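Q: My questions concern the predicted model and sequence given below.
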Amino acid sequence: MLGILLVTITSVTSGLSGAVNEWLLKAIDQDVSLMRKNVWTYQWGCLFNIFGSVLPMLLALASTTPAAEGETPSLFSGFNMGVWALITVNASLGLTVSMVLKYFDNIIKCFGGSLIIFNVGFFSWMFLG
């Protein structure tokens, strides 16, 4: 029951946020370019993510337990090429969603997201077993 409730909440908030995002991109400030609207939208995500990244580092520095030898907390500790590739793909995905919402609507975006899930599953099965 808990799983069904969580999936329902996630689906409702995802659909609602997509509809609100589409409304914000299309109905508010129609004379403003899409890229400027993207900057306005993503600035809040950047601020919250920076806060979420720096806070654990500050808590680790303020901790009374000693860190392991050579282990100093840093903002980019644990980053490798896979993480940088994931960051690049997610940034591209955000810009792609904005472009899709500029010309189409949230329903097309949801169908596209579903097709992506099926394609990734199919190609993972084909190439990775």
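A: Cool, got the structure. Residues are numbered from 1 along each chain as shown.

Q: Lowest-scoring secondary structure element of the chain by mean pLDDT?
A: Ranking every helix and strand in the chain by mean pLDDT, DSSP states H and E puts helix 34-62 at the bottom, with a mean of 81.

Q: what's the distance between the helix or strand just after that one and the middle of its chain?
A: Per DSSP states H and E, the first helix or strand lying C-terminal to helix 34-62 is helix 81-103. In terms of Cα atoms, centre = their mean, to the nearest Å, the centre of helix 81-103 is set 8 Å apart from its chain centre.

Q: And the contacts of helix 81-103?
A: 21-22, 25-26, 34, 37-38, 41-42, 108-109, 112 (Cβ atoms under 8 Å, 6 or more residues apart in numbering). Every residue, glycine included, has its C-beta placed from N, CA and C.

Q: what angle do whichever helix or strand comes after it and helix 81-103 make?
A: Sequence order places helix 106-128 as the next helix or strand after helix 81-103, per DSSP H and E. If you take axes from the mean of the first three to the mean of the last three Cα atoms, to 10 degrees, helix 106-128 sits at 150 degrees to helix 81-103.

Q: Just the residues contacting helix 106-128, thanks.
A: The contact list for helix 106-128 (Cβ under 8 Å, 6+ apart) reads 15, 18-19, 21-22, 97, 100-101.

Q: got the buried residues for the least confident helix or strand of the chain?
A: Going by neighbour count (16 or more other Cβ atoms under 10 Å), the buried part of helix 34-62 is 37-38.

Q: can you name the two of the contacts of helix 81-103 that are farthest apart?
A: 42 and 108 (21.4 Å; Cβ to Cβ).

Q: okay, which residue is most central for this structure?
A: For the chain, the residue nearest the mean C-alpha position is residue 90 (6.2 Å; Cα atoms, centre = their mean).

Q: per-residue pLDDT, that residue?
A: The model reports residue 90 with a pLDDT of 85.

Q: and if you look at the one 5 residues further on?
A: As predicted, residue 95 sits at a pLDDT of 79.

Q: number of nearby residues for it?
A: Applying other Cβ atoms under 10 Å, we find 13 other residues in the vicinity of residue 95.

Q: now do the one 5 residues further on
A: By the other Cβ under 10 Å criterion, the neighbourhood of residue 100 contains 16 residues.

Q: If anything else comes up later, I'll come back, but that's it for now.
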